[in-house]
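Q: With the sequence up front, the predicted model follows.
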Amino acid sequence: MNSYSESILTLVKTKNPAEPEFHQAVQEVLHSLEPVLARHPEYRSAKILERMVEPERVVIFRVPWFDDRGEFNVNRGFRVQMNSAIGPYKGGLRFHPSVTLGTLKFLAFEQVFKNALTTLPMGGGKGGSDFDPKGKSDLEVMRFCQSFMTELYRHIGPDIDVPAGDIGVGAREIGYLFGQYKRLTREFSGVLTGKGLNWGGSRIRPEATGFGVVYFAQEMLKTRSKSFDGLRVAVSGFGNVAWGAVLKATQLGAKVVTLSGPDGFVHDPSGISGEKIEYMLEMRASARDSVKDFADKFKVEFHAGKRPWGTKVDVALPCATQNELDENDAKELVKNGCFCVCEGANMPTSLGGIRVFEESKVLFSPGKASNAGGVATSGLEMSQNSMRLAWPRDEVDQRLHQIMTTIHDTCLEVSRTYGAPGNYVTGANIAGFLKVATSMMDQGLV
């Protein structure tokens, strides 16, 4: 990086100590932006980067709730409203013990670029709590969600900030959160996405991120005159993103041979299809976080405590969590013949892993581009809510497919324009940055 980029990274590390994920996300973007900053000195004069790495607003609050034994508990709630230059803040809520301010700032920063790439008018934000819904009763989750929304409702709205689900926040949690918002505000509005189909939700939203990853990878494969038909695919995770990716890749003729969880991964050489895909929904609903259940049921290999990246595959779709694929994993994938890696999670590949893929000429897409299908469909849900309409499944799927194709083509076009043809990381970062930076310049001191 040049001296200006280094100074921005130093500033971020100094002002945000002990937040390594946020530092990593900023560093990855800064590395890509050097050519655009060289062409546009006005962005430096206007301190656009200094403004983009600083959230517009951070809300931190306590969340008191009582469990089924009648005992009081206190968790911490967050909402990071990162950038609203192109629309209301948009980004999920994550309920998980690992949630920290630094994690949410990294996710919100990524969300700004991701949302800009969708072509829809959405800014970037993220939120959540260190509350763990695993093992809690429905009543305990309801009490927590109601307490959480009792504070959060002051800071959100359909034209201000529109949260969605994320890890630990599914249809149940969205329902409880929406019910409390409606109770407090006395309005029925599109303030949350991921809602139930009976009360304002959009079709294919649960599988949208996974579908979008595969649609994006499909376009990547076309650049090498290939398709999914007959390819072996490694997928990590077993939640909604992985489920959608497995379903769509299988429909396109691929053979998905892995799933993973906190306990290890399964290898199914015959391919994950039919009832095996349906069983993924049961695994998710069980809240056991155990992929061994799949291995036991279908009598396939289970590798305890390991990740799936040593398996011989053509395509890898990391769909679990941040930094799940490091430099050594990347080398294993390359050695075993993998030629396409398309991120389904947020920043699942370490900087060292990305470097290995780039040096090995592996097709590689960052999550801010290839996992944008979820928030894109959330944007479509917002549009349906605004118009008081409900589009059929095929129409939503078609719109999602078109958005992902447009994101892919934009990344390639911008990468060529800025001297890095075929580099999806550079293309995604610059394309997202230009849209947000131009909007910030147009709006003055924001």
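A: On my side now, so go ahead.

Q: tell me, how many neighbours does the nearest residue to residue 255 once chain neighbours are set aside end up with?
A: With sequence-adjacent residues excluded and distances taken as C-beta to C-beta, 6 or more residues apart in numbering, residue 255 is closest to residue 271, at 4.0 Å. Bear in mind the C-beta positions are built from the backbone N, C-alpha and C, glycine included. Neighbour count of residue 271, defined by other C-beta atoms under 10 Å: 15.

Q: so which helix or strand takes in residue 271?
A: With secondary structure defined by DSSP states H and E, residue 271 is part of neither a helix nor a strand.

Q: Just the pLDDT for it.
A: pLDDT, residue 271: 98.

Q: How much space separates it from residue 259?
A: 12 Å (C-beta to C-beta, to the nearest Å).

Q: my guess is residue 126 meets residue 107, correct?
A: Yes: Residue 126 is within contact range of residue 107, at 4.1 Å (criterion: C-beta atoms under 8 Å).

Q: Looking at the two, which is more packed in?
A: residue 126 (31 against 28).

Q: got the contact list for whichever helix or strand that one is part of?
A: Assigned by DSSP H and E, residue 126 belongs to strand 124-129. Residues from elsewhere that reach strand 124-129, judged by C-beta atoms under 8 Å, 6 or more residues apart in numbering: 59, 63, 75-83, 89-96, 99, 104-105, 107-116, 144, 148, 152, 161, 163, 166, 168-169.

Q: what are the pairing partners of that strand, and which direction each?
A: Partners of strand 124-129 in the sheet, by DSSP bridges, are strand 72-83 (antiparallel), strand 89-95 (parallel).

Q: what about that strand, average pLDDT?
A: For strand 124-129, mean pLDDT rounds to 98.

Q: I'd like the next helix or strand past that strand.
A: By DSSP H and E, the next helix or strand past strand 124-129 is helix 138-152.

Q: Let me know the angle separating that next one from strand 124-129.
A: Calculated by axes from the mean of the first three to the mean of the last three C-alpha atoms, to 10 degrees, helix 138-152 forms an angle of 130 degrees with strand 124-129.

Q: Which strands and helices lie in contact with the following helix or strand past helix 138-152?
A: Going down the chain from helix 138-152, the next helix or strand is strand 161-164, by DSSP H and E. The contact analysis (3 or more C-beta pairs under 8 Å, 6 or more residues apart in numbering; DSSP states H and E) places strand 161-164 against strand 72-83, strand 89-95, strand 124-129, helix 373-387.

Q: just the ones you listed: most buried one?
A: Of the helices and strands packed on strand 161-164, the one with the most neighbours on average (mean count of other C-beta atoms under 10 Å) is strand 124-129, at a mean of 30.

Q: Turn the helices and strands packed on strand 161-164 into a markdown table, columns for distance to residue 26.
A: Formatted as a markdown table, the helices and strands packed on strand 161-164 follow (distance: least, C-beta to C-beta, whole Å):
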| stretch | distance to residue 26 |
| --- | --- |
| strand 72-83 | 12 |
| strand 89-95 | 17 |
| strand 124-129 | 13 |
| helix 373-387 | 20 |
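
Q: Tell me which of those sits nearest to residue 442.
A: strand 72-83 (13.8 Å; C-beta to C-beta).

Q: Only alpha carbons, please: show the closest one as CSV.
A: In CSV, the C-alpha atoms belonging to strand 72-83 read as follows (Å, rounded to 0.1, in the frame of the first residue of the first chain):
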residue,chain,number,x,y,z
PHE,A,72,-32.8,-11.8,35.4
ASN,A,73,-30.1,-11.7,32.7
VAL,A,74,-28.3,-8.8,31.0
ASN,A,75,-26.8,-8.8,27.5
ARG,A,76,-25.4,-6.1,25.4
GLY,A,77,-27.0,-4.8,22.2
PHE,A,78,-25.4,-3.0,19.3
ARG,A,79,-26.4,-1.2,16.1
VAL,A,80,-23.6,0.1,13.9
GLN,A,81,-25.0,2.6,11.3
MET,A,82,-22.0,2.8,9.0
ASN,A,83,-23.0,4.8,5.9
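
Q: Quick one: distance of it to the chain centre.
A: A distance of 19 Å separates the centroid of the chain from that of strand 72-83, by C-alpha atoms, centre = their mean, to the nearest Å.

Q: Let me see the mean pLDDT of that strand.
A: Rounded mean pLDDT across strand 72-83 is 98.

Q: Of all the strands paired with strand 124-129, which one is nearest residue 381?
A: strand 89-95 (10.7 Å).

Q: Tell me which helix or strand in this structure has the weakest average pLDDT.
A: Within the chain, no helix or strand scores below helix 275-286, which has a mean of 93 by mean pLDDT, DSSP states H and E.

Q: Mind listing what's buried along that one?
A: Neighbour-count burial for helix 275-286, counted by 16 or more other C-beta atoms under 10 Å, picks out 276, 277, 279, 280, 283, 284.

Q: Kindly provide the distance from the first one to residue 198.
A: If I follow you right, that is residue 276. 29 Å.

Q: can you check residue 155 too?
A: 27 Å.

Q: With neighbour numbers in mind, choose between the two.
A: Taking other C-beta under 10 Å, residue 155 and residue 198 do not tie; residue 155 has more neighbours (17 against 6).

Q: got the contact list for the nearest residue to that one once chain neighbours are set aside?
A: Leaving aside its sequence neighbours, residue 155 sits nearest to residue 59 (C-beta to C-beta, 6+ apart; 5.3 Å). With contacts defined as C-beta under 8 Å, 6+ apart, residue 59 is in contact with 77, 78, 79, 80, 81, 127, 151, 152, 155.

Q: Could you dump these into a markdown table with distance to residue 7 added?
A: Converted to a markdown table, these look like this (distance: C-beta to C-beta, whole Å):
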| residue | distance to residue 7 |
| --- | --- |
| 77 | 33 |
| 78 | 28 |
| 79 | 29 |
| 80 | 23 |
| 81 | 25 |
| 127 | 30 |
| 151 | 36 |
| 152 | 35 |
| 155 | 32 |
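
Q: and which of the residues you listed is nearest to residue 238?
A: Once C-beta to C-beta is applied, the member of the contacts of residue 59 that ends up nearest residue 238 is residue 127, at 24.4 Å.

Q: Give the bridge partners for the closest one, please.
A: Bridge pairing for residue 127 - DSSP bridges - gives residue 79, residue 93.
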